[in-house]
Structure formats: C-alpha cells, structure tokens
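> Structure of the sequence below:
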Amino acid sequence: MNRQSFLSELWLPALGLLLFATAIFCRPLLPIDETRYMSVAWEMSLHSGWLDPLTKNFEPYSHKPPLLFWLINIFWEIFGISRWAGTIPIILSSILCIYLTGILGQKIANTLSKDTASSPFLNTQKIRVIMAASLPFMIYGTLIMFDFLICVFALLSLILILKYADTRRIVDLVLLSICLGLGVLAKGPVAYLYVLPCYLLAPLWKENLTHLKKWYLSLLIILVISVIPVLLWLIPVLKESDNQFAFWLVWNQTAGRVTGNFGDAHVRPFYFYFPLLPLFLMPWILFPAFWKSLPSIKSGLTKEYDLRFIFCACVPVFIAFSFISGKQPHYLVPLVPAMSLFLVWAFNKIRLKALATTLIIITSLFVMGQFAAKHSYFDKYDLTPVVNVIHQYPDTPLAYVSNYHAEFNFLARRTSHIDDIHLENLGAWFEKHPNGLAIIKYRMDSAVTQYPMIFTMAYRGRHIGIFSKPLTQDKVK
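Prediction:
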C-alpha cells in the first residue's frame with residue numbers, strides 16, 4: 001500500500017474519532033433514550049449475569065433485546081464503567097456501516113452490473129464520503145441507540161444475499177441466517193423487515209434467477225437457523241421470568257408496535273416518513289446534480305439490475321414502515337446505506353474532491369454547532385447538576401414525579417429503585433419516607449410551592465428540581 005492510499009484509508013477512522021470526542025466533550029447523555037439505555041446496561045453490570053432478564057430501574061425491561069447492552073458491558077469490562085466507554089460500540093457500529101456500504105456497493109457492481117468496469121458502485125471512497133456526510137450519520141452516529149447496530153447486520157445480510165444468489169453455497173445461507181439472528185438480538189424482529197423484502201423480490205434484481213422454488217424454500221431454512229442465536233438468550237431469560245414478562249417480550253413488543261396498541265408505540269400517521277425523506281438525503285439533495293439524475297434513475301430501474309437491487313433493499317421497507325403504526329425518525333437509519341448508493345448513481349459524474357469538500361464543510365459545521373450548544377442548548381438536557389445533588393444524599397429514598405424512564409440510574413450510579421409516582425400521591429409517599437427526596441418535573445412554580453426546594457434548573461422546556469417533605473402535612477393538603 002503506497003503512502004497516498006494509506007492516508008486515504010485514515011480519514012474515516014479520524015472522522016469517527018473526531019465525532020466521538022466531540023460528543024463526549026460537548027453533549028450530555030440525552031434524556032430519555034440515551035439515559036435509559038445506559039441505565040439498562042448499568043443494571044446489567046450490577047447483575048453480573050448476561051443471560052438474566054434485562055431490568056430498567058430494577059424492574060423487568062422487555063422493550064429491547066440485549067446485544068447493545070452486552071457490547072456496552074464488554075467495553076466497560078475493558079475500560080471501566082463510563083459514558084465514553086459505553087459509547088464506543090455505537091461509534092464503531094456507525095463507522096463499520098460506512099465500510100460495509102462500500103463493500104455492498106462493490107458486490108452489487110461485481111454481481112449485478114452489466115458493465116462492471118464502469119459501475120459507479122465500484123468507487124468505495126465516493127460511497128463512504130456520501131454516507132459519512134449524510135445528516136443521519138452526523139446526528140445518530142454517536143447517539144446511544146440501536147439503529148446503526150442493526151444496520152451492521154442488515155448490511156451483512158444484504159451482502160450475503162448477493163453471495164448466495166450468485167453461488168448458492170449453503171455456508172452463505174447459514175451466515176445470512178446468523179446475521180439475521182444477531183439483528184434480532186440487536187433490535188428485535190424488525191431485523192427481518194430490513195432484509196427479507198429484498199430476498200423475496202430477488203427475481204426483480206437477479207437476471208435469470210434459477211431454481212425459484214429452492215430459492216423460496218431456502219427462506220424457511222433462514223428463518224429456522226436465525227432463531228437459534230435468539231433462543232440461546234431467550235430460553236434462559238424466559239425460565240427466570242413470569243408469563244406476563246414473556247408475553248411482553250415475545251409478542252407485544254412486535255405486534256403492539258405494528259398495531260399501535262403498545263403503550264410506547266409512537267403512533268404516527270401513514271405519511272409521517274414522507275416529509276422526513278429530504279432530511280435523510282441532506283445535504284446532497286441541495287445539489288442540482290441530484291435532481292438532474294432523477295430521470296436517469298427512473299429509466300435505469302427498468303434495465304439496470306444493480307439499481308433494482310438497491311430499490312428492493314429500500315423502497316419496500318420504507319412502504320412497510322409507513323403502514324406500521326409505531327414510527328420514529330431513527331427507524332429509517334438502516335435505509336441510509338441504500339439511499340447513499342442511489343446518491344452514488346446520482347453523483348457519478350461529480351469528482352470525489354467536490355464531495356470530500358462537502359464532507360469537510362458538513363463536519364466542521366456539525367462540530368462547531370455542538371461546541372456552540374455545549375453551554376446553551378445542551379444545558380437544558382444535562383442532568384449532571386441534579387446528579388451532583390443526589391450524590392449528597394447517598395442513602396436517601398428517591399421518588400420521581402412522574403413517568404420515570406431511569407434517567408438517573410446510570411448517571412447517579414444508583415443501586416436501588418427510584419419510585420415513580422404522580423404528584424397527587426407525593427404527600428402520601430413522604431409520609432412513608434419522611435427523610436426521602438422527590439425529583440419533580442414541573443412547568444409552573446405553583447405546582448411545587450408546598451414542598452421545600454433543595455435545587456431546581458431548566459430542563460427540556462420545563463423545570464426539574466429536588467424537593468423534601470413539607471414541615472407539616474397540612475401544607476400539602
């Protein structure tokens with residue numbers, strides 16, 4: 001490897017390190033998602049049993065599978081328990097997704113392109129730059145969430161689908177199944193939705209696909225084998241859990257989110273994702289070349305199998321998510337690689353240097369924006385001042401008013417439960433815990449005037465404070 005090619009391989013790890021350092025230095029753990037997931041990982045470390053049921057606030061937690069929490073605990077074992085060590089699996093997953101998207105592009109070119117030599121998907125550096133500068137990578141690349149982790153296994157699965165379609169080797173089928181199983185352990189059965197539409201639509205993107213019956217029968221093998229990694233975790237967990245926990249974990253987490261009957265399903269209208277598409281294509285949607293390429297993409301879909309594969313890996317999944325009641329913007333993050341490959345087609349005639357300049361500008365703006373927000377916007381999300389007060393009362397019972405999402409279990413390194421109560425029940429709670437403290441979110445000062453204030457601060461458009469028991473119960477009444 002010559003010096004120039006060596007340096008060209010260093011920019012992506014350097015970018016990851018820059019974004020990682022910026023996140024750790026400038027941004028607090030953001031409530032409620034990041035603080036919740038770190039608290040689940042923290043309680044896993046206290047249990048010292050990775051096959052035990054997950055807990056949140058020391059109560060059974062059936063909302064997510066364990067793979068991310070395992071990875072966080074692995075890095076905690078190596079580097080000690082800290083926020084920065086817990087973020088390492090996230091940034092590694094994000095960077096790995098960019099590398100895998102380049103590999104997927106090469107595989108598409110070598111397997112499906114009619115003229116491999118001139119295929120834009122062979123330009124892995126262009127693929128990496130386009131994806132690295134995308135708004136979803138900048139925003140979600142360092143957030144402690146599950147989307148880039150499941151994206152890793154979705155990309156590996158798509159690469160293996162192409163390999164299996166080309167070779168029909170059983171080893172590729174088994175590896176595909178294992179990747180899907182690990183995807184389920186990363187975020188749940190939604191892993192199948194990111195991958196299987198492309199498999200089912202293989203006759204659209206694979207020219208002269210033979211033995212169609214065997215192709216679709218092999219899907220049964222995939223489903224059976226993919227369950228094995230999940231069962232290795234699930235069976236010990238279910239043995240330690242009651243029937244209600246098993247129901248929530250195995251069934252309601254999936255069906256409830258699809259129908260909207262699950263309490264945290266984030267029910268949104270059918271069209272919710274459509275206005276978000278321009279944001280997911282930023283900043284590249286601002287280039288005239290993007291709009292000029294749309295007719296060529298449309299015509300290419302009629303005759304180019306490589307474009308059809310990308311279409312089948314993205315559009316049916318997007319439509320399926322639109323029909324699912326539970327929607328969040330970050331659910332589309334695993335579709336960013338396919339979007340990036342479409343953009344590679346669109347920018348085929350634009351030089352890499354111009355795209356790299358855009359990446360430098362976007363990265364600079366993003367980093368400077370976080371430094372600017374460090375002592376302004378982010379202060380309203382930083383719970384460190386509250387944690388500092390909590391540390392002054394190490395053995396004091398705590399209550400949270402209300403709707404507690406384990407915001408403080410990791411931050412304050414709690415080893416005991418924090419009661420989640422409504423404001424109207426706080427007086428009764430203080431009667432049982434006269435030396436206790438209440439953490440209260442409130443909008444108006446009148447809501448908390450009856451409780452002696454120890455500390456308060458602005459928090460997410462409201463206030464959050466720590467309060468003690470009134471001197472007399474009459475004041476509460």
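> Leaving out the residues flanking it, which one is nearest to residue 97?
residue 151 (4.8 Å; C-beta to C-beta, 6 or more residues apart in numbering). Placement of C-beta: from N, CA and C, glycine included.
> tell me, how many neighbours does the one you found end up with?
27 (other C-beta atoms under 10 Å).
> Confirm for me that it is in contact with residue 339.
No. Counting by C-beta atoms under 8 Å, residue 339 is not a contact partner of residue 151; they are 11.8 Å apart.
> If you drop the residues flanking it in sequence, what lies closest to residue 177?
residue 225 (3.5 Å).
> who touches the one you found in this structure?
Residue 225 makes contact with 173-174, 177-178, 181 under the criterion C-beta atoms under 8 Å, 6 or more residues apart in numbering.
> between these, which is nearest residue 71?
Taking C-beta to C-beta as the measure, residue 71 lies nearest residue 181 of the contacts of residue 225, at 15.8 Å.
> Against residue 153, how distant is the nearest residue to that closest one once chain neighbours are set aside?
Nearest non-adjacent residue to residue 181, counting by C-beta to C-beta, 6+ apart: residue 229, 3.6 Å away. From residue 229 across to residue 153, the span is 11 Å (C-beta to C-beta, to the nearest Å).
> Identify the contacts common to the two.
Common contacts of residue 229 and residue 153 (C-beta under 8 Å, 6+ apart): residue 182.
> neighbour-wise, which of the two wins?
Taking neighbours as other C-beta under 10 Å, residue 229 and residue 153 compare with residue 153 leading, 26 against 19.
> Quick check: the more buried one touching residue 186?
Yes. At 6.0 Å, residue 153 counts as touching residue 186 under the criterion of C-beta under 8 Å.
> okay, and for the protein, where does confidence drop off?
Applying pLDDT under 70 to the chain flags the ranges 1-8, 242-266, 472-477.
> Domain-wise, how is it divided?
Each domain of the chain is listed here as a residue range: 3-30+62-373, 383-476, per automatic domain parsing.
> re earlier: secondary structure element holding the residue nearest to residue 181?
Using DSSP states H and E, residue 229 maps to helix 212-239.
> would you say residue 441 is within a strand?
Yes. Counting by DSSP: H, G, I helix; E, B strand; the rest coil, one finds residue 441 located in a strand.
> in the sheet, who's paired with it?
Beta-bridge partners for residue 441, by DSSP bridges, are residue 464.
> Next, find the distance separating it from residue 39.
Computed as C-beta to C-beta, the residue 441 to residue 39 distance reads 17 Å.
> Compare those two (neighbour count), which wins?
Applying other C-beta under 10 Å to residue 441 and residue 39 shows that residue 39 carries more neighbours, namely 26 against 19.
> for the more buried one, phi and psi?
Backbone torsions of residue 39, given as degrees, to the nearest 10, read phi -70, psi -40.
> now do residue 396
Dihedral angles of residue 396 (phi, psi; degrees, to the nearest 10) stand at phi -90, psi 130.
> ok, and the closest non-adjacent residue to it?
Nearest-residue entry for residue 396: residue 437, 5.4 Å, with adjacent residues in sequence omitted and distances by C-beta to C-beta, 6+ apart.
> Number of residues surrounding that neighbour?
Residue 437: 22 surrounding residues under other C-beta under 10 Å.
> got the residue ranges for the strands in the stretch 301-450 of the chain?
Using DSSP state E, counting those that start in this stretch, the strands of the stretch 301-450 of the chain run over 398-401, 419-421, 437-442.
> Provide the strand pairings for the shortest one, with the direction of each partner.
Meaning strand 419-421. By DSSP bridges, strand 419-421 pairs with strand 398-401 (parallel).
> quick one: buried residues of the longest helix seen in the chain?
If you go by DSSP state H, the chain has its longest helix at helix 83-112. Across helix 83-112, burial judged by 16 or more other C-beta atoms under 10 Å covers 85-102, 104-109, 111-112.
> pretty sure residue 45 contacts residue 73?
Yes. At 5.4 Å, residue 45 counts as touching residue 73 under the criterion of C-beta under 8 Å.
> more neighbours, these two?
residue 73 (22 against 16).
> quick one: contacts for that one?
Neighbour list for residue 73: 41, 44-45, 50 [criterion: C-beta under 8 Å, 6+ apart].
> residues of stretch 285-298 that come out buried?
Within stretch 285-298, the residues that count as buried by 16+ other C-beta under 10 Å are 287, 290, 293, 297.
> Go ahead and measure how far it is from the middle of the chain.
Offset of stretch 285-298 from its chain centre (C-alpha atoms, centre = their mean, to the nearest Å): 29 Å.
> Check what contacts it and list those residues.
Here stretch 285-298 makes contact (C-beta under 8 Å, 6+ apart) with 278, 281, 284, 307, 342-343, 345-350.
> Of these, which belong to helices?
Among the contacts of stretch 285-298, the residues falling in helices (DSSP H) are 278, 307, 342-343, 345-346.
> Among the residues you listed, list the two that are farthest apart in space.
Greatest spacing in the ones in helices among the contacts of stretch 285-298, by C-beta to C-beta: 278 and 307 (20.8 Å).
> Pop out the phi and psi values for residue 134.
Dihedral pair for residue 134: phi -70, psi 150, per degrees, to the nearest 10.
> Pretty sure residue 338 is one of the things it touches, is it not?
No. Taking C-beta under 8 Å as the definition, residue 134 is not a contact partner of residue 338, at 11.8 Å.
> end-to-end on stretch 77-87?
14 Å (C-alpha to C-alpha, to the nearest Å).
> hang on, the earlier thing: do you know which of the strands of the stretch 301-450 of the chain lies nearest residue 218?
Counting by C-beta to C-beta, residue 218 lies closest to strand 419-421 out of the strands of the stretch 301-450 of the chain; the figure is 47.6 Å.
> three-state assignment of residue 458?
Residue 458 ends up strand, using three-state DSSP.
> residue contacts, the nearest residue to it once chain neighbours are set aside?
Of all residues not flanking residue 458 in the chain, residue 380 sits nearest, at 5.4 Å (C-beta to C-beta, 6+ apart). Taking C-beta under 8 Å, 6+ apart, we find residue 380 in contact with 458-461.
> Identify the residues contacting residue 382.
residue 28.
> Repeat that for residue 224.
Applying C-beta under 8 Å, 6+ apart, the residues near residue 224 are residue 177.
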